[in-house]
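**Student:** show me the folded form of this:
(chains A, B and C)
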Amino acid sequence: MPELPEVETVRRGLTQLVAGATIDHVEVFYPKMVTPEPEVFTAELIGRKIEKIDRRGKYLLFRFSGNLTMVSHLRMEGKYDVQPEGSPVTKHTHVIFHLTDERELRYTDTRKFGRMRLLKTGTEAEALPSLAKMGPEPTADTLTLTYMQKIFGKSHKIIKPFLLDQSRIAGLGNIYADEVLWLAKINPLTPVDTVTDDQLETLRQAIIAEIKKAIAGHGTTVHSFSTAFGEAGQFQNDLHVYGREGEPCERCGTEIVKIKVAQRGTHYCPHCQPLPPSAEGMFDDD
DNA sequence: AGAGGTGTTGTGCC
DNA sequence: TGGCACAACACCTC
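**Tutor:** Numbers count the residues shown, from 1 in each chain, chains lettered A, B, ... in the order given. Prediction:
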């Protein structure tokens, strides 16, 4: 579930808690979670200092001394937290980084989807295909209108899955994709090459503002997200359509509907977000 | 109480 | 190649 704002919230929390700390040793309880294999993974980390923690899209990049980076993706339900050494663990704790100061950095993930990968900083890590191909971060400086026009101009894809494609824009997931489409009054089934320049600039500003606001609110807690301090985010209180099917649209009062678009639950207002005339009749949604 | 929904990335297929 | 379906997995709801 963690999208960019949640991952950034985790990054900031972990920076406060463990930047500067040194690894004493590491335990891996679920071998598939780490690359290379646990014997090598754990041996590599002994004695390394966590120099800083970066983020790219939804990936966390732990920078260790000796030019080593751990690329970590939380996928659906991955969590990091920091506890005193020896405090009780749950059955979903899969990796424990024992620090030299009698604390433990723990990775917990009920669905075991998350992955962490140890790579050389600056060469291997940045060359990881998912990182190398990632689109610009959704900030005003990096997500320019010119770039948006370029990627939207020639694709016949529909906009919802387009926004979820990390190689086009980094960091949007299912929740924020629905939210920004509602903010920009664009139907999720709209072919991207039919989006007008005005709509595109509205959408761009919605993406930038929404991500910024969600980071300020420490992310959205649906299901199970929590910050590195174990606290819930606040942004779920600011959602306009996600999880609100059957409720009135805040702008016009029409019932929010939920449909499936490219296998994903998709929430929108049929009145505020009409299909453009050019796309009518192309879809038989049910 | 078993089936289906949940979301993200990587894969495998055509 | 690019676009799409699905696997990876566990938990919750109906």
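
**Student:** now the helices for chain A?
**Tutor:** Per DSSP state H, chain A carries helices over the ranges A:4-18, A:38-45, A:124-127, A:129-132, A:145-153, A:159-164, A:174-183, A:197-216.

**Student:** which of those helices is buried the deepest?
**Tutor:** Among those, ranked by average contacts under mean count of other Cβ atoms under 10 Å, first place goes to helix A:174-183 (a mean of 24). C-beta here means a position set from N, CA and C on the backbone, and glycine is covered the same way.

**Student:** okay, it in PDB with CA atoms only?
**Tutor:** Presented in PDB, the C-alpha positions along helix A:174-183 are these (Å, rounded to 0.1, in the frame of the first residue of the first chain):
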ATOM      1  CA  ASN A 174      -3.900   3.200  -6.800                       C
ATOM      2  CA  ILE A 175      -5.100   5.600  -4.100                       C
ATOM      3  CA  TYR A 176      -3.400   8.800  -5.300                       C
ATOM      4  CA  ALA A 177      -4.100   8.000  -9.000                       C
ATOM      5  CA  ASP A 178      -7.900   8.000  -8.200                       C
ATOM      6  CA  GLU A 179      -7.500  11.100  -6.100                       C
ATOM      7  CA  VAL A 180      -5.700  13.200  -8.700                       C
ATOM      8  CA  LEU A 181      -8.100  12.200 -11.500                       C
ATOM      9  CA  TRP A 182     -11.000  13.400  -9.300                       C
ATOM     10  CA  LEU A 183      -9.100  16.600  -8.500                       C
END
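
**Student:** that helix near DNA strand C at all?
**Tutor:** No. Counting by Cβ under 7 Å from any atom of the strand, no contacts exist between helix A:174-183 and DNA strand C, the nearest distance being 12.3 Å.

**Student:** do stretch A:72-88 as well
**Tutor:** Yes. Using Cβ under 7 Å from any atom of the strand, stretch A:72-88 reaches DNA strand C at A:75-76.
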